[in-house]
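1. Need coordinates for the following:
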Amino acid sequence: MDILELIQSNLLTPIVLFFIFGIIAARIKSDLKIPDAISEFLPIYLLAAIGLHGGIEMRNTGFEAMFIPMLVAIGLSLLFTLNHYQILRRIGKFNLFDSYALASTYGAVGAVTFSVGLSFLKNQGVSSEGFLAAILAVLEPVAFILAIFLTNMAVSKQIKTKKESFGKISDSEIEMGISETKTNLKQVLHESITGKAIVILLGSIVIGYIIGKEGFSSISIVFDELFTGAIVIFLIEMGIIAGQRLEDIKKVGLFLISFSIIMPTFNGIVGVIVATFMDLSLGGAVMFGLLLASASFIAAPAVLRHAIPQAKPSLYITSALGITFPYNIIVLLPIMFMVSSILHNEGSIDLFNYILQE
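-> Numbering: from 1, shown residues only. Below you'll find the predicted structure:
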């Protein structure tokens, strides 16, 4: 199966079709809406299911198996966040605040995208390392903390520069700016770690680790067999929200549209290659790449609206949810699966020969 056939096959899966259905419902201005209670429940359910499986896998493989992949993932997330900022600031000419907000949005991870990735692999008859769920939990706050820290450092530097140049800013104002920096970082760290997404994910990992495979069997009917169905319902809502934001895509500009496609592709393929060299499985390499390719559109607005209020939410929400998310689940997942398949079956050298032949 070539890449086009794989993308076409992915398009015809229930998950993608229901996402497209949600977009269409929004565009025809239907009053279709997922009840608020269900909208709040589904993310918790999906994260609990991911965490339970991750905890069980960690019990089977041990912590040492995930130590190096986690360190590498953190390092790549930080590196990519800095790279995003440089591209957005220097080439895209975005202001300081929008650059850091977008950089952290694309340096963070998307739990919904991760859920879709697991379902995609299941359709392909492939599994992945469960400990990647723990890496998902760790990566969530990393990019935000880095971006907020660098933003506040830059603002403090600007304040000091203005004082030295014009002498119009008092020492008390500088101290106030530094104090706000510390408060913001503390707030971001607290919100990231104690947010419901991280709490339910980490809690479920611990529970999965404690109960093991035997304990999970009694609840598998809920957290295993119903998993794909829950994603389908949740993606109807994601489709509706994305459909409502289609008009906003025109406003973000051609550069940001290109960035929202090119950077996830680059990050994801790098992630697949690095994961393969770390001896992760075919599916594990895909999911590792997806962690680095995904953009946060649930945690990002909650954190950034308080931490970088000067940044425009329309930019980072529209690009992440309206452009990157559909691209990732429809196009990039099959691409990364194909790259991972070639790397695992033919070796990294044959991958480059394959690309040249194409």
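2. check contacts around Gly92.
-> Going by C-beta atoms under 8 Å, 6 or more residues apart in numbering, Gly92 touches 99, 255-256, 259. All C-beta spots, glycine's among them, are computed from the backbone N, C-alpha and C.
3. Please apply the same query to Phe114.
-> For Phe114, the contact set (C-beta under 8 Å, 6+ apart) comprises 50, 133, 136, 287, 290-291, 294.
4. go with 7 Å
-> With contact set as C-beta atoms under 7 Å, 6 or more residues apart in numbering, Phe114 has these partners: 50, 136, 290-291, 294.
5. which residues of the stretch 151-300 of the chain score low on pLDDT?
-> For the stretch 151-300 of the chain, the stretches flagged by pLDDT under 70 are 158-193, 195.
6. what ranges do the helices span in it?
-> Remark: helices assigned in the stretch 151-300 of the chain by DSSP state H, counting those that start in this stretch are 171-194, 196-216, 220-223, 227-244, 246-277, 282-293, 299-307.
7. Let's see the fourth one as PDB, backbone CA atoms only.
-> As requested, C-alpha coordinates have been extracted for helix 227-244 and formatted as PDB (Å, rounded to 0.1, in the frame of the first residue of the first chain):
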ATOM      1  CA  PHE A 227     -12.500   3.600  23.400                       C
ATOM      2  CA  THR A 228     -12.900   4.100  19.600                       C
ATOM      3  CA  GLY A 229     -16.600   4.900  20.000                       C
ATOM      4  CA  ALA A 230     -15.800   7.600  22.500                       C
ATOM      5  CA  ILE A 231     -13.200   9.200  20.200                       C
ATOM      6  CA  VAL A 232     -15.800   9.200  17.400                       C
ATOM      7  CA  ILE A 233     -18.300  11.200  19.500                       C
ATOM      8  CA  PHE A 234     -15.600  13.600  20.700                       C
ATOM      9  CA  LEU A 235     -14.400  14.200  17.100                       C
ATOM     10  CA  ILE A 236     -17.900  15.300  16.100                       C
ATOM     11  CA  GLU A 237     -17.500  18.100  18.500                       C
ATOM     12  CA  MET A 238     -14.000  18.800  17.400                       C
ATOM     13  CA  GLY A 239     -15.300  18.900  13.800                       C
ATOM     14  CA  ILE A 240     -18.000  21.400  14.800                       C
ATOM     15  CA  ILE A 241     -15.500  23.700  16.500                       C
ATOM     16  CA  ALA A 242     -13.100  23.400  13.500                       C
ATOM     17  CA  GLY A 243     -15.900  24.100  11.100                       C
ATOM     18  CA  GLN A 244     -16.900  27.200  13.000                       C
END
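8. Next, the angle helix 246-277 makes with that helix.
-> 140 degrees (axes from the mean of the first three to the mean of the last three C-alpha atoms, to 10 degrees).
9. got a list of contacts for helix 227-244?
-> Under C-beta under 7 Å, 6+ apart, the answer for helix 227-244 is 14-15, 18-23, 25-27, 32, 34, 39, 42, 45-46, 49, 112, 115-116, 119, 321-322, 325-326.
10. quick one on the thing from earlier: highest neighbour count among the contacts of Gly92?
-> Neighbour tally across the contacts of Gly92 (other C-beta atoms under 10 Å): the maximum, 26 neighbours, falls on Ser99.
11. just to revisit the earlier point, how about the contacts of Gly92, which pair is most distant?
-> Ser99 and Phe255 (12.0 Å; C-beta to C-beta).
12. Just give me the neighbour total for Ile262.
-> 11.
13. any idea how far it is from Leu343?
-> Distance, Ile262 to Leu343, using C-beta to C-beta, to the nearest Å: 21 Å.
14. returning to what we had before: from the contacts of helix 227-244, list just the buried residues.
-> 15, 18-23, 25-26, 34, 42, 45-46, 49, 112, 115-116, 119, 321-322, 325-326 (16 or more other C-beta atoms under 10 Å).
15. picking that back up, turn the contacts of Gly92 into JSON lines, columns for distance to Ile240.
-> Below are these laid out as JSON lines (distance: C-beta to C-beta, whole Å):
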{"residue": "Ser99", "distance to Ile240": "30"}
{"residue": "Phe255", "distance to Ile240": "27"}
{"residue": "Leu256", "distance to Ile240": "22"}
{"residue": "Phe259", "distance to Ile240": "25"}
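16. and Gly51, what does it touch?
-> Gly51 touches 133, 200-201, 203-205, 208, counting by C-beta under 7 Å, 6+ apart.
17. Give me the nearest residue to it, chain neighbours excluded.
-> Ser204 (2.6 Å; C-beta to C-beta, 6 or more residues apart in numbering).
18. State the pLDDT value of the spatially closest residue to Gln310 that is not a sequence neighbour.
-> Nearest residue to Gln310 in three dimensions, chain neighbours excluded: Phe97, at 4.0 Å (C-beta to C-beta, 6+ apart). Phe97 is assigned 91 on the pLDDT scale.
19. returning to what we had before: distance to Phe63 and neighbour count for the contacts of Gly51 - can I get that in CSV?
-> Output for those, formatted as CSV (distance: C-beta to C-beta, whole Å; neighbours: other C-beta atoms under 10 Å):
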residue, distance to Phe63, neighbour count
Ala133, 13, 30
Ile200, 21, 20
Leu201, 17, 27
Gly203, 17, 16
Ser204, 17, 23
Ile205, 11, 28
Gly208, 14, 27
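20. Give the helix, strand or coil label for Glu129.
-> Of the three states, Glu129 takes coil under DSSP: H, G, I helix; E, B strand; the rest coil.
21. any idea how far it lies from Pro313?
-> 34 Å.
22. rewinding a little: could you check how far the residue nearest to Gln310 is from Ile249?
-> From Phe97 to Ile249 the distance is 21 Å (C-beta to C-beta).
23. cool, Ala299 as well?
-> From Ala299 to Ile249 the distance is 21 Å (C-beta to C-beta).
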